[in-house]
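Enquirer: My questions concern the predicted model and sequence given below.
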Amino acid sequence: QLKRDNIEGFLEYNLNDVRLVSGLDDKMKLIQLVMGMCTVGHVPYEEYGFSSRWLEGALITDLHRKGIVCPNRNPVDESGDIKFAGAYVQEPTAGRHEWVFSLDLQSLYPSIIMSLNISPETKIGKVLNWNVEAHIRKEISEYHIQDSDGKETTVDREEFVLFMKNGKFTLSSNGILYRTDKVGLIADILDRWFSERLEYKKLLKKAAHAGNSEQEEYWDLRQHIQKIFLNSLYGVLGLPVFRFYDVDNALAVTATGQDVIKTSARVVNLKYNGLLDTKDEDYCLYIDTDSLYFSVVPFGGGKDKAIEMARDAESHLNQFYDRMAKQLFFIPGRHRFVIKGETI
């Protein structure tokens, strides 16, 4: 109707839409971002909306440069996607809370993939009756192990521990076994992307310090692209159209993530119960995927106390993760679990 009754108003309305979109892109550089993502992923620009394609393109290119032939895609099951558990979100403690600090596990899902060496070619079998809490409490007397060919073996606890130690296998929370004598292709490219992002961030700081705004903008874009790739890869592991699709691996990431964040909350709660002389009190106000929220009001409150308690919890958890990596997931070497205080 505006076009019919007021053509000049209609044109101005559309021109203003263009100005707004152009202004948004001038500020956010979204077109440059998606062009950069497609360039890194070796796909046409119009495929920027399909993460499986630009991630697959990056992986195929990486394998090609190493002289490795990429496998064909598996036929997609048209009957529907297989569902698997996602991130853990705890119901928040209702009410207004003061002097709250948050702790954030750095790049949790990529860290799990690299720590456990999760990849299609490193998966060697599964423990059919695996339950990490029952194992820690020594409630499992027999472990039923199934290899990649479907053959099952039953061993007692002592034999199982020796099997894991001698084989240098890792074990995810959903019971999937991974070999660590060679780095998996998924873990390897994530490690490289991590290193590249750190390098880009260093160059970003260098350009900012030198007052070179053009270079600063360029390196900021590059590190942002790397961050998107790092945080997107785990998600497509459970996507049937993805060439490296494996629902066991997808669940291994999310289920292990649930155990890591839940265990982190329990460790801090245990410490706080000891400090406050309470028993089985839950001081964690909220959990969301990779983040924990605690209030320091029980300790008197205040900004200084919040900073002190956040740093103490961070240090306590990072020391605990060395033990957790070995006891819960049998990681034989270096792990990538790191938590940091985020906000108050």
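Expert: Thanks, I have it.
Enquirer: In the stretch 151-300 of the chain, what residue spans correspond to strands?
Expert: Secondary structure of the stretch 151-300 of the chain, counting by DSSP state E, counting those that start in this stretch: strands at 152-156, 170-171, 176-178, 284-288, 291-295.
Enquirer: Which strands or helices does the first one pack on?
Expert: Yep, that's strand 152-156 we're talking about. Strand 152-156 makes packing contacts with strand 142-147 when contacts are defined by 3 or more CB pairs under 8 Å, 6 or more residues apart in numbering; DSSP states H and E. The way it works is simple: take the backbone N, C-alpha and C, and place the C-beta from them, glycine included.
Enquirer: Gly301 is nearest to which of the strands of the stretch 151-300 of the chain?
Expert: Minimum separation from Gly301 across the strands of the stretch 151-300 of the chain (CB to CB) falls at strand 291-295, 7.9 Å.
Enquirer: Show me what that closest one pairs with in its sheet, parallel or antiparallel.
Expert: strand 100-105 (antiparallel), strand 284-288 (antiparallel) (DSSP bridges).
Enquirer: what comes into contact with the shortest one?
Expert: When contacts are taken as CB atoms under 8 Å, 6 or more residues apart in numbering, the neighbours of strand 284-288 outside the stretch itself are 87-90, 92-93, 97, 100, 261-262, 265, 268-269, 292-295.
Enquirer: A ChimeraX selection for those, restricted to the buried ones, would help me check which they are.
Expert: Of the contacts of strand 284-288, the buried ones go into a single ChimeraX selection, burial set by 16 or more other CB atoms under 10 Å:
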select :88,90,100,261,262,265,268,269,292,293,294,295
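Enquirer: before we move on, the earlier item: identify whichever of the strands paired with strand 291-295 lies nearest to Gln226.
Expert: strand 100-105 (18.5 Å).
Enquirer: What helices and strands are in contact with whichever helix or strand comes after that closest one?
Expert: Moving toward the C-terminus from strand 100-105, the next helix or strand (DSSP states H and E) is helix 108-116. Here helix 108-116 touches strand 170-171, helix 185-210, helix 213-236, helix 247-276, helix 303-329, going by 3+ CB pairs under 8 Å, 6+ apart.
Enquirer: CA atoms only for helix 108-116 - export them in CSV, please.
Expert: Extracted in CSV, the C-alpha atoms of helix 108-116 (Å, rounded to 0.1, in the frame of the first residue of the first chain):
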residue,chain,number,x,y,z
LEU,A,108,35.1,-27.5,27.2
TYR,A,109,34.0,-29.6,24.2
PRO,A,110,37.2,-29.2,22.1
SER,A,111,39.2,-29.9,25.3
ILE,A,112,37.4,-33.2,25.8
ILE,A,113,38.0,-34.2,22.2
MET,A,114,41.7,-33.5,22.5
SER,A,115,42.1,-34.9,26.0
LEU,A,116,40.4,-38.2,25.2
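Enquirer: Which strands or helices does the helix or strand that it is followed by pack on?
Expert: Where DSSP H and E defines the elements, the next helix or strand beyond helix 108-116 is strand 123-127. Secondary-structure packing of strand 123-127 (3+ CB pairs under 8 Å, 6+ apart): strand 142-147, strand 176-178, helix 247-276.
Enquirer: mind listing what the second one pairs with, with the direction of each?
Expert: Using DSSP bridges, strand 176-178 pairs in its sheet with strand 123-127 (antiparallel), strand 170-171 (antiparallel).
Enquirer: Give me whichever of those is most buried.
Expert: Of the strands paired with strand 176-178, the one with the most neighbours on average (mean count of other CB atoms under 10 Å) is strand 170-171, at a mean of 24.
Enquirer: what does the average pLDDT come to for it?
Expert: What strand 170-171 shows for mean pLDDT is 97.
Enquirer: Quick one: distance of that strand to the chain centre.
Expert: Averaging C-alpha positions (CA atoms, centre = their mean, to the nearest Å) puts strand 170-171 17 Å from its chain's average.
Enquirer: my guess is Asp191 meets Ile113, correct?
Expert: No - the pair Asp191 / Ile113 is not scored as a contact, 9.4 Å apart, by CB atoms under 8 Å.
Enquirer: out of those two, which sits in the more crowded spot?
Expert: The neighbour count for Asp191 versus Ile113, taken as other CB atoms under 10 Å, is higher for Ile113 (28 against 15).
Enquirer: Tyr245: which of the strands paired with strand 176-178 is closest?
Expert: Going by CB to CB, the one of these nearest Tyr245 is strand 123-127, 12.5 Å.
Enquirer: Run a quick neighbour tally on Leu237.
Expert: 27.
Enquirer: Which helix or strand lies directly C-terminal to the host helix or strand of Thr39?
Expert: Under the criterion of DSSP H and E, Thr39 resides in helix 30-41. Remark: after helix 30-41, the chain's next helix or strand is helix 51-65, criterion DSSP H and E.
Enquirer: Mind giving me the packing neighbours of that next one?
Expert: With 3+ CB pairs under 8 Å, 6+ apart as the test, helix 51-65 has helix 30-41, helix 185-210, helix 213-236 packed against it.
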